[in-house]
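Trainee: sequence unknown, structure follows:
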């Protein structure tokens, strides 16, 4: 009597172990696939649910076969109910363990990381190779200045140099670079950061720049911003061209300006620097909105100063990487090329660059830096050839 009971219990335990293995395997596979696709751990609920679904599917199929072949009386016995509950409990525990194991394997496996980096495009998908549970990034001791921006104070550079930053594991190279930029902007108030990060999380190049904040960075050359007391029209908006007149019976035209902001009777105007002294702080003026659009050159210059891109010029050296490169392949916006035939504006993308051409480009500082670094040093060229200069 005892032997059949022991044998039945052994068979039930074996089946429950098999169902637990099935549940854990399904959750393990789901965790690996989820981490591979989304680079984040799979939530606990869906992973356990997938594991238990496999157990339920197996039990339902078995019960259906038993009912169809040998009758359904065995399906309502207490031992069958106990077996079913035990299978679900053990299957749930196995699914959670499989979820944890799958996520750990997907995170720490170098083979899987290589597979992820090869399945997408270049730096966008390449995961940072790191050891441990976090990515430790140590900033270099020497920090350069970004061309086209005001230099950062030496004290601020000293605070940043050699600093170690911690980031979570599982970031791509591009994501780690963005995290570093955000940390430096938020923690140290740096306006612009040019940083190169290698696949192992090391910072190969770091340059900082200080952006001009407020109204000044959007002012065209030869103009200044002034605040006066005036009465702009109710429909006036920033960017409108206006004329400034004195109030009173003998009104006189003082200057032409561009409206930037108005708060109550205090108006911010952009005027020519020669007209700024004609505006008095203790006097009230009247503004006349002109029926014309602001000058296109002012809008262009203001837009360029507000954008991250700067203008630079690079001289193509003989035998350098830029020699023979098509304009469309240059990693920046080429606005003009000064060659043997003179200055060529908006050159065709298929135009090939030749030695001696001066390339005027618009791009982010790191793009211009890389373009300038593509030409090797040559004793025959001038000292400034191949260097990126700010175009005024």
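Mentor: Cool, got the structure. Because the structure is a prediction, the values reported are computed rather than measured.

Trainee: Quick check: which element contains the residue nearest in space to the middle of the chain?
Mentor: For the chain, residue 178 is the residue whose C-alpha lies nearest the centre (CA atoms, centre = their mean; 4.9 Å). Under the criterion of DSSP states H and E, residue 178 resides in helix 173-188.

Trainee: Next: residue 137.
Mentor: Using DSSP H and E, residue 137 falls within strand 134-138.

Trainee: in that strand, what's buried?
Mentor: 135, 137 (16 or more other CB atoms under 10 Å). Heads up, the C-betas are built off the backbone N, CA and C, glycines and all.

Trainee: so what strands line up beside it?
Mentor: According to DSSP bridges, strand 134-138 forms sheet pairs with strand 164-168 (antiparallel).

Trainee: Other residues contacting the strand it pairs with?
Mentor: 134, 135, 136, 137, 138, 139, 176, 179, 180, 183 (CB atoms under 8 Å, 6 or more residues apart in numbering).

Trainee: now swap in stretch 365-372 and tell me
Mentor: 146-149, 192, 194, 196, 207, 209, 310, 312, 314, 322, 330-332, 359, 361, 363, 386-388.

Trainee: Would you mind listing which of those residues are buried?
Mentor: For those, a burial check counting by 16+ other CB under 10 Å picks out 146-149, 192, 194, 207, 209, 310, 312, 314, 322, 330, 332, 359, 361, 363, 386-388.

Trainee: what about the spatially closest residue to residue 179 that is not a sequence neighbour, how many neighbours?
Mentor: Nearest non-adjacent residue to residue 179, counting by CB to CB, 6 or more residues apart in numbering: residue 167, 5.3 Å away. Neighbour count of residue 167, defined by other CB atoms under 10 Å: 18.

Trainee: Report the beta-bridge partners for residue 167.
Mentor: Beta bridges link residue 167 to residue 135, judged by DSSP bridges.

Trainee: Name the residues of stretch 314-326 that are buried.
Mentor: 314, 315, 316, 317, 320, 322, 323, 325.

Trainee: so which of those comes closest to residue 15?
Mentor: Closest to residue 15 out of the buried residues of stretch 314-326 is residue 325 (68.3 Å), distances taken as CB to CB.

Trainee: tell me the contacts of the closest one?
Mentor: 352, 353.

Trainee: give me that answer again for 6 Å
Mentor: With contact taken as CB atoms under 6 Å, 6 or more residues apart in numbering, residue 325 is in contact with residue 353.

Trainee: Give me the below-cutoff pLDDT ranges for the stretch 1-150 of the chain.
Mentor: Scanning the stretch 1-150 of the chain for pLDDT under 70 picks out the ranges 1-9, 38-39, 62-81, 108-133, 148.

Trainee: following the helix holding residue 178, which helix or strand comes up?
Mentor: Per DSSP H and E, the first helix or strand lying C-terminal to helix 173-188 is strand 192-197.

Trainee: all helices for the chain, in order.
Mentor: In the chain, the segments counted as helices under DSSP state H are 2-38, 44-70, 78-108, 110-119, 122-125, 154-160, 173-188, 296-306, 365-373.

Trainee: So for the last one, mean pLDDT?
Mentor: Translated: helix 365-373. The predicted model assigns helix 365-373 a mean pLDDT of 73.

Trainee: contacting residues for the nearest residue to residue 238 once chain neighbours are set aside?
Mentor: Of all residues not flanking residue 238 in the chain, residue 260 sits nearest, at 5.4 Å (CB to CB, 6+ apart). Contacts for residue 260 (CB under 6 Å, 6+ apart) come out as 238, 268, 270.

Trainee: returning to what we had before: so which of the contacts of stretch 365-372 belong to strands?
Mentor: Within those, residues falling in strands by DSSP state E are 192, 194, 196, 207, 209, 310, 312, 314, 359, 361, 363.

Trainee: How confident was the prediction at the closest residue to residue 286 other than its chain neighbours?
Mentor: Distances taken as CB to CB, 6+ apart place residue 245 nearest to residue 286, at 4.7 Å, with adjacent residues excluded. Looking at residue 245, its pLDDT stands at 89.

Trainee: Kindly report the same for the one 10 residues further on.
Mentor: Residue 255 carries a pLDDT score of 90 in this model.

Trainee: Pretty sure it sits against residue 273.
Mentor: No. Using CB atoms under 6 Å, residue 255 makes no contact with residue 273, being 10.8 Å away.

Trainee: Settle it for me: which of those two has more neighbours?
Mentor: Neighbours were counted for residue 255 and for residue 273 using other CB under 10 Å; residue 255 has more, 18 against 12.

Trainee: Excluding sequence neighbours, find me the nearest residue to that one.
Mentor: Nearest non-adjacent residue to residue 255 (CB to CB, 6+ apart): residue 275, at 3.7 Å.

Trainee: got JSON lines for the contacts of strand 164-168, with distance to residue 47 too?
Mentor: Below are these laid out as JSON lines (distance: CB to CB, whole Å):
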{"residue": "134", "distance to residue 47": "24"}
{"residue": "135", "distance to residue 47": "25"}
{"residue": "136", "distance to residue 47": "30"}
{"residue": "137", "distance to residue 47": "31"}
{"residue": "138", "distance to residue 47": "36"}
{"residue": "139", "distance to residue 47": "38"}
{"residue": "176", "distance to residue 47": "27"}
{"residue": "179", "distance to residue 47": "27"}
{"residue": "180", "distance to residue 47": "32"}
{"residue": "183", "distance to residue 47": "32"}
